[in-house]
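Undergrad: Here is my input, please return the structure:
(chains A and B)
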Amino acid sequence: MNISATHFYIVDDDVSFGKSLKRLLNARGMIADYFGSARSFLDSIPPDQRGYTIVDIHMPDVNGFELMNRMREMNYAMRVIIITGQPQADNRDMALEGGALGFLLKPFSEKSLFELVEQDMNGSN
Amino acid sequence: MSIITVIWSMVASACLTLAAVHVLIWLKKRAAWANLLFSLAAVSTAGVAFCELWMMGATTPEQFGTALRWCYVPVWAIIVTLIGFVRFHLRAGRPWLAWTVFIVRTLTLLLDFLVGQNLSYLEITGLRSIPFLGGCVSVAEGVSNPLMLFAQLSSLLLVVFIADAVLTVWRRGERRLALATGGAVMLFVLVALAESALALWRIVDWPVAMSPFFTIILVPMSYELSRGVIRATQLADNLLESEERMTMAAEAAELGVWNWDIARNRVWGSDRWRRLFGFEDGENVSFQKVIQRIHPDDRDTVEREVRRALSGGIDYAGEYRVVLPDGGERWIAARGRSYSNAKKTPVRMMGTAMEVTGRKRNEGEMALLRLELTHLSRVMTMNEVSGSLAHEINQPLGAILNNASAAKIMLGVGHEDIGEILSDISQDARRAGDVIRKIRGLVKKGDVQLEPLRMNDLIEEVLELSHNNIIANRTSIRLDLKPDLATVKGDRVHLQQVLLNLITNALDAMTGMPSSILTIRSTMEAPDTVIVSVTDSGTGIDEAKMNDVFKPFYTTKKDGLGLGLAICRSIIEQHDGRIWAENNPAGGATFSFSLAGTSPAA
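TA: Presented below is the predicted three-dimensional model:
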């Protein structure tokens, strides 16, 4: 399975960051969509959608962990990658315990993001 | 030997024994007059017994007459001592009565020797033998002396005197004393004197036999007096016991005990107290001597506090240092209480002292810890601030990185310069992120990503980073890097941070100096240790603070956190290396760290 065919969904209330990540992924030839809130993501994307969701922790209203739980409850097919700018150590633990595919601390390189995705893809092969 | 001789001898010896005992008591305590009087009474009773025996065994009228005459002497003595006993011990009885009895009785004694055969008989004509208590005794026949009435009169007055005294004691509330002692004395005096009167006036055919009755009087008197002795012994025992208990308690609590006689200016101290102050066992200690032992800085305070306690009648409590003769020092915590006389002048001060050197040191350490804790809590709040700060910074950094990466991709081939710039932007963004990640507190284990590193490369990378700073300071750089330096297994970012910190510190140390030289050296020490050192030409490190420079929160900068070197140490120690600082002979300081190298071949 080719990573370039992957569909990414970015959920982050920081518009600047969200846009930049979308821009980067698009430059790599991947499809990426940006949502400014968990609600808008849940309203737009159905549970059976394939791809990867990149979710920021600190969002007003519904935060990243809550979104991940909602997605699990609603049996979303997509794995979640948790991202954040907050350096606290327990964020990582909470993310992985919550069933995230991975945890990335901003600023992260595209390399680390793709490594996570490739691992998951190869794992499922 | 007849039974009479036995009884009278026993009576006499009993009296003499009692007398001896009470004389000894009086000798020990001269104020015990009552005991002396008692002894005299007891001796006199023995005297009476002797005379009576003499009379009873007399073979001639002259013998009898002499014996009877001399008998009046001890009787006089008994009566006088009885009066004294009642006055001094029972503290009762009207003085005029006492004096009357005394005068009359003394008069009768004089008459006894001046008139007739003796006071009782003008003339003794003959002796008769009568049975008495299973034996034979002599009684006199003769002409009675009317003056004997004086004797009986004085005896009567004596009984009245004693009765009156007993009543006074009873009314005073001392029922036991009145009844047991006073009553017994009165009763037996009455009986004794009645007996002799009856015998001498020949109303009844008896010999004079007063002494047994007098002896019986001696018993309650002796008991009464002994009670004082018994109680004194008990008190002495109690005192000894409580003193022992106090000593044990003081020892267990490791307390020294002291007692200052202010008037004589003598300080008594227990062995422990002497050891605390370094005084010899037999040494005489005055208040001044104690003060001299106190540390000069604490002396005034102690003296002041002690005077205040004395004048105010309050307890003294204080802590001070004591300088021992051998130069040693110890902290003492002392307590004292002053005791005044009736004129409210302090005459004595007593108290305890114990060593608290350990506690004082702990207090010092605790004060330091508390300071560090305050710092820590300040830093922790800063931690929280830095947490959200980091978050705020990481967001734009993340965006920068993504954008730079995207731009690079979009530019594609043919725009190498812009590409390079964009690479640098990416690298810096990542590095900034790493630094923020690391800046929050010390490095934890497991955060380390080891890879083989060439320290010389790292040094050059970091110098590039500090380029602006170096130029701004007009600092010259000297590099003394050993080629073929062994590679080191370490975390690139962490070690970069160490180098950056050391270089920044070196530049800061040389700020504003006319000539500043930054030297970086890399060498090897056998067999495979890599050593990197950063030398500045600043003012160097305060020798006294040498040990403190790597401690958390140590900083000479006004708004510095003081964590830089502490973090460096933590990083180097994570790498099983060593970091240290020293002052250069030529001026300035050198910070060096060592790392274990792997094989020289990269």
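
Undergrad: And the residue lying closest to residue B:51 once chain neighbours are set aside, how close does it get to chain A?
TA: Closest residue in space to residue B:51, ignoring its immediate chain neighbours: residue B:71 at 3.7 Å, by Cβ to Cβ, 6 or more residues apart in numbering or on different chains. Glycine gets a C-beta too; all of them are placed from N, C-alpha and C. Per Cβ to the nearest Cβ, to the nearest Å, residue B:71 is found 116 Å from chain A.

Undergrad: Surely residue B:71 is within a helix?
TA: Yes - under DSSP: H, G, I helix; E, B strand; the rest coil, residue B:71 falls within a helix.

Undergrad: these two touch, right, it and residue B:45?
TA: No - counting by Cβ atoms under 8 Å, residue B:71 stays clear of residue B:45, with 11.6 Å between them.

Undergrad: At the contact with chain B, which residues of chain A appear?
TA: Residues of chain A lying near chain B by Cβ under 8 Å from any Cβ of the partner chain: A:14, A:16-17, A:19-21, A:23-24, A:26-28, A:58, A:84-89, A:105-110.

Undergrad: if we can go back for a sec, among residue B:71 and residue B:45, which residue is more densely surrounded?
TA: residue B:45 (32 against 26; other Cβ atoms under 10 Å in any protein chain shown).

Undergrad: Isn't the more buried one up against residue B:211?
TA: Yes - the criterion here is Cβ under 8 Å, and residue B:45 meets it with residue B:211 at 5.7 Å.

Undergrad: joint contacts of these two?
TA: B:11-12, B:15 (Cβ atoms under 8 Å, 6 or more residues apart in numbering or on different chains).

Undergrad: how about the helices in chain A?
TA: Along chain A, counting by DSSP state H, helices occupy A:15-27, A:38-44, A:64-73, A:89-97, A:110-124.

Undergrad: Which one, of the ones you listed, ends up nearest to residue B:365?
TA: Proximity to residue B:365 (Cβ to Cβ) singles out helix A:89-97 among those, at 31.2 Å.

Undergrad: From chain A, how far off is residue B:404?
TA: 9 Å.

Undergrad: got it, and residue B:163?
TA: As for residue B:163, its distance to chain A is 103 Å (criterion: Cβ to the nearest Cβ).

Undergrad: now residue B:482
TA: When distance is defined by Cβ to the nearest Cβ, residue B:482 is 33 Å away from chain A.

Undergrad: Give me the residue ranges of the chain where confidence is low.
TA: As the question left the chain open, I've gone with chain A. Along chain A, the model assigns pLDDT under 70 to residues A:1-4, A:124-125.

Undergrad: Correction: the question concerned chain B.
TA: For chain B (pLDDT under 70), the answer is B:1, B:116, B:370-388, B:413-416, B:436-448, B:553, B:558-563, B:599-602.

Undergrad: That one: strands as residue ranges?
TA: Counting by DSSP state E, the segments of chain B that form strands are B:121-132, B:135-144, B:256-261, B:266-269, B:316-323, B:329-340, B:346-355, B:450-453, B:475-481, B:488-491, B:516-525, B:529-535, B:578-583, B:589-596.

Undergrad: And the residue of the stretch 101-250 of chain B that's closest to chain A?
TA: residue B:249 (55.1 Å; Cβ to the nearest Cβ).

Undergrad: which residues does residue B:503 contact?
TA: By Cβ under 8 Å, 6+ apart, the contact list for residue B:503 reads B:462-463, B:466, B:518, B:520, B:534.

Undergrad: how close does residue B:314 get to chain A?
TA: 57 Å.

Undergrad: got the contact list for that residue?
TA: Residue B:314 neighbours (Cβ under 8 Å, 6+ apart): residue B:308.

Undergrad: From the residues of chain A next to chain B, list the buried ones, please.
TA: A:14, A:17, A:19-21, A:23-24, A:27-28, A:58, A:84-87, A:105-110 (16 or more other Cβ atoms under 10 Å in any protein chain shown).

Undergrad: The most centrally placed residue in chain A bridge partners, please.
TA: For chain A, the residue nearest the mean C-alpha position is residue A:54 (1.1 Å; Cα atoms, centre = their mean). Under DSSP bridges, the beta-bridge partners of residue A:54 are residue A:10, residue A:81.

Undergrad: so what's it up against?
TA: Counting by Cβ under 8 Å, 6+ apart, residue A:54 has contacts A:8-12, A:21, A:80-81, A:83, A:113.

Undergrad: Then residue B:125?
TA: Counted by Cβ under 8 Å, 6+ apart, residue B:125 has contacts B:61, B:141-143.

Undergrad: now those as TSV including neighbour count and distance to chain A?
TA: Formatted as TSV, those follow (neighbours: other Cβ atoms under 10 Å in any protein chain shown; distance: Cβ to the nearest Cβ, whole Å):
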residue	neighbour count	distance to chain A
B:61	19	131
B:141	15	131
B:142	19	131
B:143	12	133
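
Undergrad: Farthest-apart pair in those, please.
TA: Applying Cβ to Cβ across the contacts of residue B:125, the maximum distance is between B:61 and B:143, 11.9 Å.

Undergrad: ok so, going back, tell me which of the helices of chain A sits most buried.
TA: Mean neighbour counts were taken over those using mean count of other Cβ atoms under 10 Å in any protein chain shown, and the top value, a mean of 21, falls to helix A:15-27.

Undergrad: what's next to it, contact-wise?
TA: A:8, A:10, A:12, A:31-36, A:54, A:56, A:106, A:110, B:395-396, B:398-403, B:405-406, B:409-410.

Undergrad: Ok, stretch B:208-224 next?
TA: Contacts for stretch B:208-224 (Cβ under 8 Å, 6+ apart): B:7-8, B:11-12, B:14-15, B:18, B:21-22, B:38, B:41-42, B:45-46, B:48-49, B:52, B:55, B:68, B:71, B:75, B:78, B:82, B:85, B:89, B:177, B:180-181, B:184-185, B:188-189, B:191-193, B:195-196, B:199-200.

Undergrad: now it, how far from the chain's geometric center?
TA: Centroid separation between stretch B:208-224 and its chain, computed with Cα atoms, centre = their mean, to the nearest Å, is 53 Å.

Undergrad: again with stretch B:509-524
TA: That offset, for stretch B:509-524, works out to 61 Å (Cα atoms, centre = their mean).

Undergrad: Same question for stretch B:279-295.
TA: 17 Å.

Undergrad: One more: stretch B:396-407?
TA: Centroid displacement of stretch B:396-407 relative to its chain, using Cα atoms, centre = their mean, is 75 Å.

Undergrad: List the contacts of it.
TA: A:14, A:16-17, A:19-21, A:23-24, A:26-27, A:85, A:106-110, B:418, B:422-423, B:425-426, B:429-430, B:432-433.

Undergrad: can you list the domain ranges for chain B.
TA: B:3-232, B:253-355, B:361-440, B:443-596 (automatic domain parsing).

Undergrad: and of the ones you listed, who's closest to residue A:93?
TA: When the domains of chain B are ranked by proximity to residue A:93 (Cβ to Cβ), domain B:443-596 comes first, at 12.5 Å.
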